[in-house]
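Peer 1: Okay, sequence plus prediction incoming.
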Amino acid sequence: MNKDKMILKDNTTIELEAGASLSNIQVAAADRAGMVAIWKKMTADNLSSVQIQTGAGLTVGTYTDLVLVSETSAVSSDGSVLTSYRFREKTDEEKRLDALEEGQEVLNGAVDDLGKATSDLADQIGGEQ
C-alpha cells in the first residue's frame, strides 16, 4: 500500500504515516539522524509551496506559505522515530510583512546603486577641474 506524501517546494517527497490535518502530520524515520534530515527540509522556502498527495498520487491539498509551529518526536525501542509536525498557513499580516521586507530589500539595493552612481559622477566632475 502506497503512503500519502508531502511534496515540498524543492520536490522533496516525505512519506506520511498520518496526515489528517496540517496540525497533525506524522512522519516516521528509521532513526534520529533520519528524523533530523527530514526536519532540516522544513525551511521557510520549502514550506512556501507544499502539496499533499494520496498514495495513489491524487493531490488533496495545495498550500502556500506554511509555518512549522512545532514538532514532537517519540523514539521507539528499535530506534525508529515518529514525529508529529504541526503546520499552519501564514496570516495575512505575516504575508504583508514579507512583502514589505522584500520591497525594502529592493529599495535598499536601489539606494546603494544611486549612491555609487552619485559618487562616481562626483569623482568624474572633480577630476575634470
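Peer 2: Great, that's in hand.

Peer 1: Roughly how far does residue 102 sit from residue 109?
Peer 2: According to C-beta to C-beta, to the nearest Å, residue 102 and residue 109 sit 11 Å apart. Heads up, the C-betas are built off the backbone N, CA and C, glycines and all.

Peer 1: next one: residue 52
Peer 2: The spacing between residue 52 and residue 109, counted by C-beta to C-beta, is 37 Å.

Peer 1: now do residue 58
Peer 2: Taking C-beta to C-beta as the measure, residue 58 falls 43 Å from residue 109.

Peer 1: what's the single longest helix in this structure?
Peer 2: Among the elements of the chain assigned as helix by DSSP state H, the one spanning the most residues is helix 92-127.

Peer 1: I'd like the average pLDDT over that helix.
Peer 2: For helix 92-127, mean pLDDT rounds to 81.

Peer 1: go on, stretch 64-74?
Peer 2: Rounded mean pLDDT across stretch 64-74 is 96.

Peer 1: Could you list the residues in contact with it?
Peer 2: Residues from elsewhere that reach stretch 64-74, judged by C-beta atoms under 8 Å, 6 or more residues apart in numbering: 22-23, 35, 39, 42, 47-50, 81-90, 94-95, 98.

Peer 1: that older thread, out of residue 52 and residue 109, which sits in the more crowded spot?
Peer 2: Set side by side, residue 52 and residue 109 give different neighbour counts by other C-beta atoms under 10 Å, the larger being at residue 52 (18 against 10).

Peer 1: Quick check: closest non-adjacent residue to residue 6.
Peer 2: Setting aside the residues directly before and after it, residue 6 is nearest to residue 14 in space (C-beta to C-beta, 6 or more residues apart in numbering), at 4.6 Å.

Peer 1: wait, what's in contact with that neighbour?
Peer 2: Residue 14 makes contacts with 5, 6, 7, 8, 27, 38, 41, as judged by C-beta under 8 Å, 6+ apart.
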